[in-house]
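**Student:** structure, please.
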Amino acid sequence: MPDDKDNRALGAAARRLIRARDHAALGTSLAGRPFVSLVATACDSDATPLLLLSDLAQHTKNLIADASVSLLFEDVAGHADPLAGPRLTLLGRAERCDDPRAAARFAARHPTSASYSGFADFHLYRVVIGRGHLVAGFGRIAWIEAAGLRFAGDASPLAAAEPEIVDHMNNDHAEAIELYARHLLGRQTTGWQMTGIDPEGLDLRCGGETARLDFAAPVLSPTAARQTLVDLAQSARQDGG
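**Tutor:** Numbers count the residues shown, from 1 in each chain. Presented below is the predicted three-dimensional model:
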């Protein structure tokens, strides 16, 4: 049985998958039979998944009848054997969400959604996590309960300041963002922008390409975020020579 330290590590690994992936396989129930589709995803600051769905889609009709859903997040690209890559299956319930802050997080993660998010048939859903099954590598397979899958710290000050931090970094510190992408993440393209920040890392986008930079330790406040972003830029400059 995993100890508390192992459980925390597995929970963090699961959240990294949720936060890093832009899409997931959504499982719903169609007249009692499994129905799986591909959906765009984002997540709230505590790693709760967010979905923007059309009422006209079959999966939305399914979850309106039965709110129980499953989401599969995976990061198997680049593995000679895809089954050796990490993946997480979440079990939960999809609930309509009218939180403007959560909607803004989704729109920042998926800029093209702005062209249809205002349509009357599109609505944001929050997936209330029940538990998750993580395959993190050989011998690292475990069920994780909801409390271990959500970030537990109080990051509400950071969440409230997120739009200001993102705008400030994009408008005034574009060079630092390029340093993060090139020297800390190994991305060779240019023109990166920050799309979000949460207690465990920050999200970047360049055209259709996305990247995730995880923090070494949780960041809970705007002041802590500023210091972490400065430290990351200094580290990137050192790595870049």
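
**Student:** any idea how far Thr112 is from Glu178?
**Tutor:** Note on Thr112: its distance to Glu178, by C-beta to C-beta, to the nearest Å, is 23 Å. Just so you know, the C-beta spots here come from the backbone N, C-alpha and C atoms, and that holds for glycine as well.

**Student:** okay, Gly241: pLDDT?
**Tutor:** On the pLDDT scale, Gly241 is placed at 58.

**Student:** buried ones in the longest strand anywhere in the chain?
**Tutor:** Assignment by DSSP state E gives strand 122-137 as the longest strand of the chain. Across strand 122-137, burial judged by 16 or more other C-beta atoms under 10 Å covers 122-129, 132-136.

**Student:** which of the residues you listed sits closest to Asn62?
**Tutor:** Checking those against Asn62 with C-beta to C-beta, the nearest one is Tyr125 at 12.2 Å.

**Student:** and that closest one, how close does it get to Gly85?
**Tutor:** In terms of C-beta to C-beta, Tyr125 sits 27 Å off from Gly85.

**Student:** ok, Thr112 and Glu178, which is more surrounded?
**Tutor:** Set Thr112 next to Glu178 and count neighbours by other C-beta atoms under 10 Å: Glu178 wins out with 20 against 10.

**Student:** pretty sure that one is in a strand, no?
**Tutor:** No. With DSSP: H, G, I helix; E, B strand; the rest coil as the criterion, Glu178 is assigned helix and is not in a strand.

**Student:** out of everything not next to it in sequence, what's closest to it?
**Tutor:** Trp192 (5.8 Å; C-beta to C-beta, 6 or more residues apart in numbering).
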